[in-house]
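S.K.: Got a sequence here, can you build the structure:
(one chain, ligands or ions: 1)
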Amino acid sequence: FTGKTGSELFTEKLKKFKVWEYQSLPVVVEEDVSAYDAICAMFLEDVGTLFVTNNKSHLVGVLSRKDLLRTSIGSKDLTSVPVHMIMTRMPNITICEPEDLLLDAAQKLIEKQIDGLPVVNPVEDGLEVVGRLTKTNITKALVELARDQHI
Ligand code: ADP
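M.R.: Below you'll find the predicted structure:
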């Protein structure tokens, strides 16, 4: 018997969770696709955040629902607005890496008031997108821990 309370064990386990254990698959679009196609991708893939890549498949931006709504409010033709014009761009993207602690990633979501982070691996001349970490992933980790199904 370790003498630890339930809450101490809970915290101890929570502090060990890594991003890669809970991340989802990223949904990625290239920087020259239209806002119209990005909206279609968001619906089809059922995500709230798209990651934007260049022709080398490196991360160049993030596109959220609000970015697309803002663009839609104007009377522009959405098929002629490329996503690179309306996305949040590098270097202003908050990222995480697979080996980061889930709690640190969760703190970034709160501090930056955003819904998701791209999970990236640094490569020679950029960042390769390998996953998506959202508030839903954090919620799943908490529920799993509370139900003690984590092995
Ligand atoms: P929503 O627009 O659906 O409320 P967010 O709150 O995540 O979604 O996005 C708010 C703003 O922050 C958008 O302009 C979006 O481009 C930007 N954003 C989203 N995720 C990130 C991120 N990981 N790093 C930097 N900016 C982000």
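S.K.: shaky segments in the chain?
M.R.: Using pLDDT under 70 as the threshold, the predicted model of the chain has low-confidence ranges 1-2, 149-151.
S.K.: Let's see that with 90 instead.
M.R.: Scanning the chain with the threshold set as pLDDT under 90 gives 1-14, 74-76, 145-151.
S.K.: what's around residue 115, how many residues?
M.R.: For residue 115, the count of nearby residues is 16 (other CB atoms under 10 Å). In this view, the C-beta of every residue, glycine as well, is placed from N, C-alpha and C.
S.K.: What ranges does the chain have for its strands?
M.R.: Counting by DSSP state E, the chain has strands at residues 28-30, 49-53, 59-64, 88-89, 116-123, 126-134.
S.K.: Now the ones you listed in JSON lines, please, with extra columns for mean neighbour count and distance to residue 40.
M.R.: Compiled in JSON lines, the strands of the chain are given as follows (neighbours: other CB atoms under 10 Å; distance: least, CB to CB, whole Å):
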{"stretch": "strand 28-30", "mean neighbour count": "17", "distance to residue 40": "10"}
{"stretch": "strand 49-53", "mean neighbour count": "24", "distance to residue 40": "11"}
{"stretch": "strand 59-64", "mean neighbour count": "22", "distance to residue 40": "13"}
{"stretch": "strand 88-89", "mean neighbour count": "14", "distance to residue 40": "20"}
{"stretch": "strand 116-123", "mean neighbour count": "20", "distance to residue 40": "19"}
{"stretch": "strand 126-134", "mean neighbour count": "20", "distance to residue 40": "18"}
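S.K.: and the protein, which residues reach the ligand?
M.R.: With CB under 6 Å from any ligand atom as the criterion, the chain comes near the ligand at residues 48-49, 62, 64-67, 88, 92-94, 114-117.
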